[in-house]
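1. how would this look folded up:
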Amino acid sequence: MTTATAPNRLVLGVAILGLILGAWGVLEALLYGTHATGLTSFVPWGLGVALYLTFLGFSAGGLPLALATTVFGKHDYEPLSGMVAWTVVVTELCAGLAIALDLGHMERMYRFLTAPALTSPMAWMFVFFNALLGVYLLKIWAIHKNDARLVRLFTFASIPIALLFYTTNGYIFGMLTYLPIWGGPMVPLYFVVAALMAGTALMCFLAWAFGYAERLVMGVGYGVLTLVILFALLELLMGLTVLQSGDTANHQALQAILSGTNGWVFWVLHVGLGIVVPMVCILFRRTARAAAWGSLSVMVSFLATRWVFVVPPQSVAPLPGLDQAFIQERLALHTTPQLGEWLVVVFVASLALLALSLGPRLLPALFRHGGSHV
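-> Numbering: from 1, shown residues only. Modelled structure (predicted):
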């Protein structure tokens, strides 16, 4: 993929237009912080956190590939290593940008370095985030130098770091036992499986888009199918556990996910587009193109998947009647993303699209086994 075809120019054009449009949302976040959002005291985590978790999931594609090539000896998939390493770096940086813009005071992030709380999972998340980013940057350097020994070394090193990073993100939610559905020992596992599903889906689509061998695309596609089924079963198990728990708050949170304003997000975008469509495409069509489009369906719906887990459970009052004690928009039990928040989504997604599409031109050594479908 060394020359700019018309579809490539179209992708670049869309990415640049998205960056221009989304720049206002970024500027608004920098100037006004959370005051420009629809967040409230009871719902402090909204679209920005869902966006962070979305790109966090996309960055997980390196883990199954590392496991396949080093632990299980599937060396046929090693040609994907360069492309996936670039993808991990791009999506991880986009995830970092998403959460930084959502903090309101991103300038305070330096305190992770100057005053780390070693008992805080967020501090360790910061450590593992940078460690994983550093390892993949070194792996890209090793691939560029064509040093197979170093590539293998950094691939091995990435496995425990990635497992710790994605598990820690789930642990942060799992320890918040005062919020329904979030708290529980299954949540870290849920996060890891969700991330692997999204990351493998991105790997499958890009492998097809960059013209890698169809057998590789289909192999990754079957991995996507397996993870989609596993994720759906795990989610079903968590839902049934909530139903049988007899806990009122958990029941209310589950109802908030399955019905009301979030109902169509769950049933249409998450279940329909994120689970049913990829299963049909990969299981029944059995072509590289169908696997790629099924994977794209997982990717497009993954923001909705993260939204229904993050936002609806916060709509349950910590104490019955607390939402009626004081009536004020910043004390509401619901959040509606504002235009600026959606523009941040557009900006971050466009930045990722631009970086991924320029990858073969900037670092052709990483993509030397591919061709082009876009």
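
2. ok, residues contacting the helix or strand of the chain with the lowest mean pLDDT?
-> Of all regular secondary-structure elements in the chain, judged by mean pLDDT, DSSP states H and E, the least confident is helix 322-325 with a mean of 75. With Cβ atoms under 8 Å, 6 or more residues apart in numbering as the test, helix 322-325 has contacts from 42, 317, 331-333. In short, each C-beta sits where N, CA and C put it, glycine included.

3. mind running it again at 7 Å?
-> Identification of contacts with helix 322-325 by Cβ atoms under 7 Å, 6 or more residues apart in numbering yields 317, 333.

4. Show me what the helix or strand just after that helix is packed up against.
-> Using DSSP states H and E, the next helix or strand after helix 322-325 towards the C-terminus is helix 339-362. Other helices and strands packing on helix 339-362, by 3 or more Cβ pairs under 7 Å, 6 or more residues apart in numbering; DSSP states H and E, are helix 6-32, helix 47-58, helix 81-102.

5. rerun at 10 Å
-> Under the contact criterion of 3 or more Cβ pairs under 10 Å, 6 or more residues apart in numbering; DSSP states H and E, the helices and strands touching helix 339-362 comprise helix 6-32, helix 47-58, helix 81-102, helix 186-209.

6. which stretch among those helices comes nearest Leu366?
-> When the helices and strands packed on helix 339-362 are ranked by proximity to Leu366, the top entry is helix 81-102, at 3.1 Å, counting by Cβ to Cβ.

7. Output the least confident helix or strand of the chain as CSV, restricted to C-alpha atoms.
-> Output of helix 322-325 as CSV, limited to C-alpha atoms (Å, rounded to 0.1, in the frame of the first residue of the first chain):
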residue,chain,number,x,y,z
LEU,A,322,-31.8,11.1,47.3
ASP,A,323,-32.6,12.5,43.9
GLN,A,324,-35.6,14.3,45.3
ALA,A,325,-33.9,15.8,48.3
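
8. low-confidence ranges in the protein?
-> Low-confidence segments of the chain, defined by pLDDT under 70: 1-7, 369-374.

9. Show me which residues of stretch 165-175 are buried.
-> 165-174 (16 or more other Cβ atoms under 10 Å).

10. same question, stretch 89-109
-> Along stretch 89-109, these residues count as buried under the neighbour rule (16+ other Cβ under 10 Å): 89-102, 104, 106.

11. cool, and stretch 275-283?
-> For stretch 275-283, a neighbour-count test (16+ other Cβ under 10 Å) marks 275, 277-279, 281-283 as buried.

12. ok, now stretch 137-147?
-> Neighbour counts using 16+ other Cβ under 10 Å place 138-140, 142-143 of stretch 137-147 among the buried residues.

13. can you point me to the longest helix in the chain?
-> As assigned by DSSP state H, the longest helix anywhere in the chain is helix 214-245.

14. I'd like to check the angle between that one and helix 81-102, please.
-> 40 degrees (axes from the mean of the first three to the mean of the last three Cα atoms, to 10 degrees).

15. elements contacting helix 214-245?
-> Using 3+ Cβ pairs under 10 Å, 6+ apart, helix 214-245 is in contact with helix 62-66, helix 186-209, helix 248-258, helix 277-280, helix 288-310.

16. ok so, going back, let me have the helices and strands packed on helix 339-362 in TSV, extended by distance to Gly263.
-> Shown next, in TSV, are the helices and strands packed on helix 339-362 (distance: least, Cβ to Cβ, whole Å):
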stretch	distance to Gly263
helix 6-32	27
helix 47-58	17
helix 81-102	25
helix 186-209	20
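
17. measure Gly321 to Thr248 for me?
-> If you measure Gly321 against Thr248 using Cβ to Cβ, to the nearest Å, the figure is 13 Å.

18. quick one: which of these two has more around it?
-> For the pair Gly321 and Thr248, the greater number of neighbours falls to Thr248 (11 against 7), based on other Cβ atoms under 10 Å.
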